[in-house]
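K.L.:
this one's structure only:
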């Protein structure tokens, strides 16, 4: 595996999880296979913490997920970045509970990514946002399985909602600084 990458084969499963599940961290094709024939692809099984080789270990998809970040990041959330920045709980702006999540300082020409991974029912994803950035070149972008679903810059706040189908979803919140 590549020690500089969490996911050497870029199949959306962290190397450590692939090794624990008996998958090959250098083979991206094994993520979309269904080793046990239960109708759930391996990447979904790894996310749901079921056994990729046991059809009876199948779990249902998640029908409702709520996150207010009151207790930090839950297990389905991961932080990535190409600068020393991370995401942190913050009490200076929130819409539910007493905390929200925000990107800490991001250096020029870099980004910080907060990723949620899960096997979800069809429905909607909604989130409140607040952006205080340069409108020319700093952006908050949200992706669902690599597809851009939301982008904003400048001084804005509001609620955004988008529909999803049942299946594995990787929702990424990316704050990028000085992109032209």
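P.N.:
Noted; the coordinates are in hand. This is a predicted model, so every value here is computed, not measured.
K.L.:
pLDDT (mean, whole number) over stretch 121-133?
P.N.:
Averaged across stretch 121-133, pLDDT comes to 90.
K.L.:
where does the residue sitting nearest the centre point of the chain sit relative to residue 134, distance-wise?
P.N.:
By CA atoms, centre = their mean, the chain has its centre lying nearest to residue 115, at 2.0 Å. If you measure residue 115 against residue 134 using CB to CB, to the nearest Å, the figure is 24 Å. C-beta: built from backbone N, CA, C; applies to glycine.
K.L.:
do the same with residue 43
P.N.:
From residue 43 over to residue 134 (counting by CB to CB), the distance is 36 Å.
K.L.:
same thing with residue 109?
P.N.:
In terms of CB to CB, residue 109 sits 13 Å off from residue 134.
K.L.:
before we move on, what about residue 41?
P.N.:
Taken as CB to CB, the span from residue 41 to residue 134 is 40 Å.
K.L.:
Among the two, which residue is more densely surrounded?
P.N.:
The neighbour count for residue 41 versus residue 134, taken as other CB atoms under 10 Å, is higher for residue 41 (19 against 12).
K.L.:
Make sure the more buried one is actually in contact with residue 34.
P.N.:
Yes. Residue 41 is within contact range of residue 34, at 5.4 Å (criterion: CB atoms under 8 Å).
K.L.:
any weak-confidence spans in this structure?
P.N.:
Applying pLDDT under 70 to the chain picks out residues 1-5, 58-65, 81-85, 180.
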